[in-house]
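> compute the structure for the input listed below.
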Amino acid sequence: MTTWDRRDLPVLSAVAKKGAVEGGFLPLSRNGRILGLDLDDNETYLALLALRDAGYIDAEVTLTGGGATFTRFLVTGRGLRALGDWPLFSPLSPATLAALLERVADEAATDDEATAARSAARYVAGLAAETVRAALVAAGSRLLRQRIGL
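Next up, the predicted model:
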């Protein structure tokens, strides 16, 4: 088992579930209990430093006489992607957009909305990549111009 699997991923998962730790504050002397993990303070501290260095969390670390305190703590987009809780921003293709529309259909509030999203997914899946990109750029540009009053 790797350090990522044994230590770092469980710490990342725990802090994400805690909502970036209450108030963005994590005192090292209590973190094992706060996070509910079977890791000692030193291992949790090392995991948090590794996660910060890798860009999975953002936090300020203040060393104290008996340990350290992490403040202004948050899980970054990269950290959320590692947990599968944030979208991957891969190149947009008809298949990617169709998969997104299928996901929207799965979570639609009504059967009509789900049917419409699935129909759109089938349509988009058959388009050329350049057609999808051009349509999205045009729609995004129009929305942006409307929002800023152009």
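
> got the residue ranges for the helices in the chain?
Remark: helices assigned in the chain by DSSP state H are 3, 9-17, 31-35, 41-53, 77-82, 94-106, 111-125, 129-148.

> ok, which of these comes nearest T62?
helix 41-53 (12.4 Å; CB to CB). To be clear about C-beta, it is placed using only N, CA and C from the backbone, and glycine gets the same treatment.

> and that closest one, average pLDDT?
Helix 41-53 shows a mean pLDDT of 88.

> how far away is T3 from A50?
8 Å (CB to CB, to the nearest Å).

> check R103 too.
Distance from R103 to A50, by CB to CB: 32 Å.

> cool, and A105?
39 Å.

> what stretches of the chain score poorly on pLDDT?
Along the chain, the model assigns pLDDT under 70 to residues 19-34, 66, 87-91, 150.

> just to revisit the earlier point, show me which of R103 and A50 is the more surrounded one.
A50 (17 against 13; other CB atoms under 10 Å).

> so what's the more buried one up against?
Going by CB atoms under 8 Å, 6 or more residues apart in numbering, A50 touches T3, D8.

> and it, how close does it get to A82?
Applying CB to CB to A50 and A82 gives a distance of 12 Å.
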